[in-house]
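1. can you look at this prediction? I've put the sequence above it.
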Amino acid sequence: MKALIMVDVQNDFLPGGALEVPEGDRVIPVLNRIQDRFDLVVATQDWHPEGHSSFASQHPGKKAFEKIDWKGHPQMLWPDHCIQGSRGAEISDRLDTKRVEAIFRKGTDREVDSYSGFYDNHHQRSTALADYLRGKGIDRVFIGGLALDVCVYFTALDSIKEGFETTLIEDAAQGLDEKAIKNALQKIQDAGGRVVSAIQENF
Ligand code: VGL
Ligand code: ZN
């Protein structure tokens, strides 16, 4: 059984948003078109409390997109984004969500960032997404959304680690940084995942 995970297709990651992914909106028609090829469709949603520790605004003298050491862990600082209940945190209303059976929220702990839809960045807290998928009989996971080099990437790596046959749908994802995107695509394949294009592949 095949599941599609649509990662963080939220207003703040779309053009005009607080942490916009260039051409991030290109993923929307692709995700809308392919959903009916899957047995199950789920979404993730970045969902931070105000004053989240990943926000540059919480670190005086630091700027967004700077890397710092935060309590012994490397942390990239971001502009304030996806604040719980805000318009920016809403899943885009251009994304078809009729078939979305569950939405997994992440980044809710003020002190820990969470890129993957499965676990926080310290791999300490689970969202229960893996158990949810297993409970639905899913063995193959397909992933698209935003941002390819951040949350899509870490979601794909965890999906592989959880034992799902994992495929990143390249044209259903967009990233922030060219070099990081290349690295992400390579690392996913090195870890045993596949990278395909929705145009070429009929899943
Ligand atoms: C994301 C940076 C910070 C993402 C979330 O969804 O890719 N990126 N929080
Ligand atoms: Zn975030």
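-> Perfect, thanks for sending it. Ligands and ions are numbered 1, 2, ... in the order given.
2. could you check how far the nearest residue to Asp69 once chain neighbours are set aside is from ligand 1?
-> Nearest non-adjacent residue to Asp69, counting by CB to CB, 6 or more residues apart in numbering: Gln75, 7.3 Å away. Heads up, the C-betas are built off the backbone N, CA and C, glycines and all. Noted for Gln75: a distance of 10 Å to ligand 1, by CB to the nearest ligand atom, to the nearest Å.
3. which residues does Gln75 bridge with?
-> Beta-bridge pairing for Gln75 (DSSP bridges): Ile68.
4. ok, it - contacts?
-> Ser53, Ser54, Lys67, Ile68, Asp69, Asp113 (CB atoms under 8 Å, 6 or more residues apart in numbering).
5. ok, the third one touching Pro74?
-> Yes. With contact defined as CB atoms under 8 Å, Lys67 reaches Pro74; the gap is 5.9 Å.
6. from Asp190, how far off is the closest residue to Leu146 other than its chain neighbours?
-> In space, and not counting its chain neighbours, Leu146 is closest to Phe13: 4.2 Å by CB to CB, 6+ apart. Using CB to CB, to the nearest Å, Phe13 is found at 26 Å from Asp190.
7. neighbour-wise, which of those two wins?
-> Phe13 (28 against 9; other CB atoms under 10 Å).
8. surely the more buried one touches Glu23?
-> No. At 11.3 Å, Phe13 does not count as touching Glu23 under the criterion of CB under 8 Å.
9. who touches both of these two?
-> With CB under 8 Å, 6+ apart as the test, Phe13 and Glu23 reach no residue in common.
10. so what's Lys136 up against?
-> Counted by CB under 8 Å, 6+ apart, Lys136 has contacts Met1, Ala3, Asp39, Leu40.
11. show the pLDDT at the residue nearest to Leu146.
-> What the model reports as pLDDT for Phe13 is 98.
12. before I go, just wanted to say thanks for your time.
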